[in-house]
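Chemist: Provide a 3D model corresponding to the input given below.
(one chain, ligands or ions: 1)
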Amino acid sequence: RKEHDEITRLFFVNGYSGKNQYLNMRYMSALKSASSVSSLAWSGDVCLEDVHFSYPLRPDVDILNGLVLTLKCGTVTALVGPSGAGKSTVVQLLARFYEPTMGRITVAGEDVRTFGKTEWARVVSIVNQEPVLFSISVGENIAYGLPDEKISQDDIIKAAKAANAHEFIISLPQGYDTLVGERGGLLSGGQRQRIAIARALLKNAPILILDEATSALDTVSERLVQEALTLLMKGRTTLVIAHRLSTVQNAHQIALCSDGRIAELGTHFELLAKKGQYASLVGTQRLAFD
Ligand code: ATP
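Modeler: Numbering: from 1, shown residues only. All right, here's what the predicted structure looks like:
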């Protein structure tokens, strides 16, 4: 009951940012309970097979209606679509915050329900536009949720360098030991995102779920974040809720979600040539031209 109240509050009172907070809350608690980094070699495709879903609070409303989508191992799939189409719901099912009402999600042909939720939390990283930082040091934030004994200071610095975060971190008063303040409030939005990317690089999970930022950062920060994200996505089975044209253009495939199904699937140019919903979505510039 308490959780349902919280869900209602976050989704319907706080709107989109509330939705992110909810995802963050669920993800961070899952991450905390995942006691070690996965040593499993996940090499198969991730498939959503005829997935149907209704939220527990509204069991009569079908949000996903037989959604079929294959995330090819090691490739990037950009998920686009109008507001309310079900994109975040797909993310929540992939993260296993909820289970499909019907249909299933598989990895390498195996139903994900055969894996424990903790095990799943080890193999999936979620990075979204409002990453959670804690009132601890920068270095501790990067290593958050990972077992202390396996993470050295060198690993943290390596991840920060790869995430374009090292330079700004060493310019902070106490470098990696600098406290970031309540919710990382002493850092800029772009800096917080790069810390979250460093955390995901360090975790090194094979499956990545990304909710791309909608709000623009300043040009330099934007470039640094984009570079870090490109590196993070490389070789991982990635689903990105994409808001930028450059992300969809570079994705291996674009899935257009509409009314709880994948209505169009292909590359940017294939979908443009189709002159369907994707083409009009791009046409109406609901995807930011960057
Ligand atoms: P946006 O682009 O605006 O973020 P989206 O494509 O991510 O939208 P979802 O957030 O997945 O869409 O929402 C799909 C539908 O599910 C919407 O009608 C929304 O109102 C509904 N919904 C989302 N979360 C819940 C919930 N916790 N309980 C009940 N209904 C929900």
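Chemist: gap between the two ends of stretch 141-153?
Modeler: 12 Å (CA to CA, to the nearest Å).
Chemist: I should have written stretch 125-137 there, sorry.
Modeler: Taking CA to CA as the criterion, the two ends of stretch 125-137 lie 21 Å apart.
Chemist: Strands of the stretch 1-150 of the chain, start to end?
Modeler: For the stretch 1-150 of the chain, the strands defined by DSSP state E, counting those that start in this stretch occupy 46-53, 64-71, 76-80, 102-107, 110-111, 124-127.
Chemist: Which stretches in this protein count as helices?
Modeler: 2-8, 15-33, 87-94, 117-123, 138-142, 153-162, 166-170, 189-203, 219-233, 245-250, 268-274, 277-283 (DSSP state H).
Chemist: pLDDT averaged over the fourth one - what is it?
Modeler: Helix 117-123 shows a mean pLDDT of 85.
Chemist: what's the answer for the third one, then?
Modeler: The predicted model gives helix 87-94 an average pLDDT of 94.
Chemist: Run the angle between that helix and strand 64-71 for me.
Modeler: 70 degrees (axes from the mean of the first three to the mean of the last three CA atoms, to 10 degrees).
Chemist: for helix 87-94, which positions count as buried?
Modeler: K87, S88, T89, V90, V91, Q92, L93, L94 (16 or more other CB atoms under 10 Å). Backbone N, C-alpha and C define where each C-beta goes, glycine included.
Chemist: Could you count how many residues lie near G66?
Modeler: Burial of G66 is recorded as 15 neighbouring residues (other CB atoms under 10 Å).
Chemist: The one 3 residues further on too?
Modeler: The local packing count at L69 equals 21, with neighbours defined by other CB under 10 Å.
Chemist: so how far is E212 from it?
Modeler: 18 Å (CB to CB, to the nearest Å).
Chemist: Same question for R183.
Modeler: Where E212 is concerned, R183 sits at a distance of 20 Å (CB to CB).
Chemist: Pick out whichever of those two has more residues nearby.
Modeler: E212 (20 against 14).
Chemist: ok, that one - contacts?
Modeler: E212 is in contact with Q129, L229, V240, I241, A242, H243, R244, T247, counting by CB atoms under 8 Å, 6 or more residues apart in numbering.
Chemist: Any idea what the fourth one is bridged to?
Modeler: Each beta-bridge partner of I241 is listed here: L79, D211, as defined by DSSP bridges.
Chemist: Apart from its neighbours in sequence, what residue is nearest whatever residue of the stretch 151-290 of the chain ends up closest to the ligand?
Modeler: Nearest residue of the stretch 151-290 of the chain to the ligand: C257, at 6.3 Å (CB to the nearest ligand atom). Excluding its sequence neighbours, the residue lying closest to C257 (CB to CB, 6 or more residues apart in numbering) is G81, at 3.7 Å.
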